[in-house]
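Q: Turn this into a structure:
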Amino acid sequence: MSEFPELVSFVKQEAGNYARAVGKFEGIESELQYCRDDLNPATVTNRFELIHDNISWSWSPPEDELDEQLGQKRASLQVRENAVILHLPTGHDEGVLIALEPEAASNLTTFIGTCLEYVPEPESNT
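A: Prediction:
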């Protein structure tokens, strides 16, 4: 059962057939919350783990000065040739990944903002 059923419902409703998958990660563990029927869950889980490793590396602290100037990180976005990936952190080394078809990138700021309403805010570093 999905830990984020409202988020999964929102993603499916808003992105329609462009929604590929939603996954939760904690440390090195990841768990699919939703996977489109035409996709292989094992392949998607493996990709999510690789993406999470890449994002974890690029989001590594320290960024105290940037946090002070711009605020805490809320989301990251990777727009690739064949996919759009949203990373929504919920704490240190945990959060949610959302995979979409590239065509879903229109109106992305509004979409990300609404997705964040369904995800717990990141823990404060202070």
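Q: now the helices: where do they sit in this protein?
A: Across the chain, reading from the start of the chain, the helices by DSSP state H fall at 5-15, 41-58, 64-70, 108-117.
Q: for these, which one sits closest to P89?
A: Taking Cβ to Cβ as the measure, the helices of the chain were each checked against P89, and helix 41-58 came out nearest at 8.7 Å. No exception for glycine: its C-beta is placed from N, CA and C like everyone else's.
Q: Pull out the buried positions in the closest one.
A: Within helix 41-58, the residues that qualify as buried by neighbour count (16 or more other Cβ atoms under 10 Å) are 44-45, 47-49, 51-52, 55-56.
Q: do stretch 74-86 as well
A: Buried-residue list, stretch 74-86, by 16+ other Cβ under 10 Å: 75, 83-86.
Q: Stretch 15-24 too?
A: Under the neighbour-count rule (16+ other Cβ under 10 Å), stretch 15-24 has 15, 18-24 buried.
Q: mind checking the end-to-end distance for it?
A: Using Cα to Cα, to the nearest Å, the end-to-end distance of stretch 15-24 comes out at 18 Å.
Q: List the contacts of the spatially closest residue to Y118 that is not a sequence neighbour.
A: Distances taken as Cβ to Cβ, 6 or more residues apart in numbering put L7 closest to Y118, at 3.8 Å, once the chain neighbours are dropped. With contacts defined as Cβ atoms under 8 Å, 6 or more residues apart in numbering, the neighbours of L7 are 22, 33, 96, 115, 118-119.
Q: How about R20?
A: Shown here is R20, whose contacts under the criterion Cβ under 8 Å, 6+ apart are 35-36, 39, 44, 83, 99-101.
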